[in-house]
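Q: Give me the fold of what follows.
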Amino acid sequence: MSGGDSNSTRATIRCTGADAVHLMVEEAKRFAAARRLSQAEAAKLAIVVEELVINLVDYGWDGEPGRTELVLDRTGDGIAIMLSDDGVAFDPRMADRDDAIPDRGGGAGINIIRAWADIIDYRSENGWNRIELRLLPV
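A: Okay, here's the model as predicted:
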C-alpha cells in the first residue's frame, strides 16, 4: 500500500488484496476531513468508495488478491473518483437496474453508486480497468 500524495486537492492510494476495502474507505474519510467536506458529502464519498471496492474484491478478483489504485480529487464541480484495478472487466453502466439479489442485498451497491455519482467513463485496457466518477452534490 502507498498512501495519499501531498497535493492539496488530490489523494492517491494503492493496495493489494482484500485489505483494499478498509484502507481505501479510511483514505476517503481522511480526504473528506482534510478538504472539510460536509458530513453528508463525506458519508456519501465513503459509501461510494466502499461499494466500488467491495464489488471489486467480491467479484472482480475471483478470490485471488489483486491490485487497485484509488485517486480522489477536489475539482471545481465536486469530487472526482477514479478507481483502477487488475480484476475482471465490469462496466457498472451496463448492469441491469433490476439485477438485484434480494436475499443478499445484491445490486444495491451499484444502485447506490449510480444514485450518488455520475459515471463519467469506464474502460478496460491491457489487463486494467478504470472507472471515473463524479460525486453528485448533496
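Q: Count residues in the vicinity of residue 64, would you?
A: For residue 64, the neighbour count with other Cβ atoms under 10 Å is 9. Backbone N, C-alpha and C define where each C-beta goes, glycine included.
Q: Let me fix that, I meant to ask about residue 77.
A: 9.
Q: For it, list the residues it contacts.
A: Contact partners of residue 77, counting by Cβ atoms under 8 Å, 6 or more residues apart in numbering, are residue 134.
Q: Same check on residue 24?
A: 13, 15, 49, 50, 53, 68, 70.
Q: Is it possible to get JSON lines of the residues you listed that adds neighbour count and secondary structure?
A: Shown next, in JSON lines, are these (neighbours: other Cβ atoms under 10 Å; DSSP: H, G, I helix; E, B strand; the rest coil):
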{"residue": "13", "neighbour count": "23", "secondary structure": "strand"}
{"residue": "15", "neighbour count": "22", "secondary structure": "strand"}
{"residue": "49", "neighbour count": "27", "secondary structure": "helix"}
{"residue": "50", "neighbour count": "17", "secondary structure": "helix"}
{"residue": "53", "neighbour count": "24", "secondary structure": "helix"}
{"residue": "68", "neighbour count": "26", "secondary structure": "strand"}
{"residue": "70", "neighbour count": "25", "secondary structure": "strand"}
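Q: Cool, thanks, signing off.
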